[in-house]
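*Asks:* give me coordinates for this.
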Amino acid sequence: MLLALSTGHSIGLAVVAGLFIVFALVSALVIPRRWPQFPGERGLTWFIVVTVVLCLGTLAAVEAFAKEGGEETAQAETRTETSGTTTSTAQPPPAAAPKGDPAAGKQLFAAQGCGGCHAFQPAGANGTIGPDLDEALTGKDAAFVRESIVDPNKQIASGFQPGIMPANFEQTLSAKQIDDLVAFLTQPG
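*Replies:* Model (predicted):
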């Protein structure tokens, strides 16, 4: 969970947790060596109050710092795994219109051999190894299409297995080429 938090939230959570841990270690290991009767009858009330306050403070810090923002939490992806097929129930956040050249994207679609795996009417492709893009991309925005190219195993179309589509297009294609491909795949009609 800590890796998913922003730096500020991670530091805040670490500071609060660190205070509680230091208090626990000092009160369990250091103070009893110097004052064997610690906390004693007179200090017991203060010890309990400080312990409860630090414990509640740590719980409150977890609640406060673990929230990265309402929008990200609302768009968190829910995945279900059934018999090796992963389906996604969340849509990626909306993105701006594609900024690439659809004509160049069409040439790239052919040059990369995409039509050998995917059916896509604008490209005259009728592959059957991967999803039919005429159906799979209906209603999808440019962000979804881009993600499907650069991270094809993040959301797997129903009836298909992960690992079939190459996952290295982000390394083998330039950002402009990916923009062109996205523009081609998302153009109307």
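
*Asks:* quick one: the helices in the protein?
*Replies:* 7-25, 31-34, 40-65, 70-74, 102-111, 133-136, 142-150, 169-172, 175-186 (DSSP state H).

*Asks:* number of nearby residues for residue 63?
*Replies:* By other C-beta atoms under 10 Å, 9 other residues sit near residue 63. Bear in mind the C-beta positions are built from the backbone N, C-alpha and C, glycine included.

*Asks:* ugh, typo on my part, it should be residue 186
*Replies:* Count around residue 186 with other C-beta under 10 Å applied: 20.

*Asks:* what of residue 43?
*Replies:* With other C-beta under 10 Å as criterion, residue 43 counts 14.

*Asks:* so residue 57 makes contact with residue 20?
*Replies:* Yes - look at residue 57 against residue 20 with C-beta atoms under 8 Å: they come within range, at 7.4 Å.

*Asks:* still on that earlier bit, lowest average pLDDT across the helices of the chain?
*Replies:* Lowest mean pLDDT of these: helix 70-74, a mean of 41.

*Asks:* tell me the contacts of residue 105?
*Replies:* 180-185 (C-beta atoms under 8 Å, 6 or more residues apart in numbering).

*Asks:* from residue 152, how far out is the nearest residue to it once chain neighbours are set aside?
*Replies:* Leaving aside its chain neighbours, residue 105 sits nearest to residue 184 (2.7 Å; criterion: C-beta to C-beta, 6 or more residues apart in numbering). For residue 184, the distance to residue 152 (C-beta to C-beta, to the nearest Å) stands at 17 Å.

*Asks:* with neighbour numbers in mind, choose between these two.
*Replies:* Neighbour count, other C-beta under 10 Å: between residue 184 and residue 152, residue 184 has more, with 24 against 20.

*Asks:* out of the helices of the chain, flag the one nearest residue 123.
*Replies:* Closest of the helices of the chain to residue 123 is helix 102-111, at 5.0 Å (criterion: C-beta to C-beta).

*Asks:* for residue 138, give me the pLDDT.
*Replies:* For residue 138, pLDDT reads 88.

*Asks:* what's the neighbour count on it?
*Replies:* Neighbours of residue 138 using other C-beta under 10 Å come to 8.

*Asks:* same question for residue 111.
*Replies:* 9.

*Asks:* that one: what's it in contact with?
*Replies:* Per C-beta under 8 Å, 6+ apart, neighbours of residue 111: none.
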